[in-house]
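Visitor: Sequence and predicted structure are below.
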Amino acid sequence: MARWFISLMLLSGLAGVNAAQANPAVLELLSDSQSLTPQKMILQAEKSYPGVISEFQIDVENGQLIYEISMINTKDDTISEFEFWAKDGRLIRQKVEALEADDKDELKAVRLLKEMEQSFSQLLKLAMGDSNAHILEAQLDHDLGISYLELKLIDANGKHKIAFDIENQRPLPLLKWD
């Protein structure tokens with residue numbers, strides 16, 4: 001099972017490289033100095049809403065960059081999904097639902113992050129180091145007994161993906177590739 005998972009992760013990462021090179025518009029939108037960076041939007045959401053961010057991703061609608069954030073509130077056993085305009089951080093939509101069985105892997109990672117007294121933004125900073133890449137997607141997950149942050153990044157060289165072990169605060173070499 002573990003070999004299958006790693007092979008699938010490697011293949012999906014390689015398939016994404018061509019898509020990034022074919023779509024430089026996403027990189028241009030993320031490089032726009034008029035928009036909030038994903039990191040600033042994540043910090044803003046952490047300060048404004050209860051819970052722990054479990055997922056971040058970008059979307060483009062009609063040429064406009066939108067940030068999508070999911071937050072798990074362990075006190076209420078809910079997951080909140082938000083959409084924000086990247087230009088100004090204004091809230092577009094918010095939906096709150098009860099946690100379901102398919103949220104359990106993210107919930108394990110959120111609980112570990114809380115136990116370590118760390119925020120999603122702090123974990124992102126550690127995982128990215130001094131990289132100048134832009135975040136396309138970031139998600140907490142738990143698989144094969146490891147809670148980790150999965151990051152999909154884009155820069156001038158295309159897309160790449162890394163995984164960062166939450167407990168040991170280091171990259172996961174088996175799931176890191178360019």
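Guide: Cool, got the structure.
Visitor: residue nearest the centroid of the chain?
Guide: residue 138 (1.2 Å; C-alpha atoms, centre = their mean).
Visitor: you'd agree that one is up against residue 54?
Guide: No - with contact defined as C-beta atoms under 8 Å, residue 138 and residue 54 do not form a contacting pair (9.5 Å). The way it works is simple: take the backbone N, C-alpha and C, and place the C-beta from them, glycine included.
Visitor: Can you check which residues contact both of these two?
Guide: Counting by C-beta atoms under 8 Å, 6 or more residues apart in numbering, the residues touching both residue 138 and residue 54 are residue 120.
Visitor: So which residues of the chain form helices?
Guide: For the chain, the helices defined by DSSP state H occupy 2-22, 24-31, 38-48, 104-115, 120-128.
Visitor: need the helix or strand of the protein with the lowest average pLDDT.
Guide: Sorting the helices and strands of the chain by mean pLDDT, DSSP states H and E puts helix 2-22 at the bottom, at a mean of 37.
Visitor: Now residue 133. Its backbone dihedrals?
Guide: The phi/psi pair for residue 133 (degrees, to the nearest 10) reads phi -70, psi 160.
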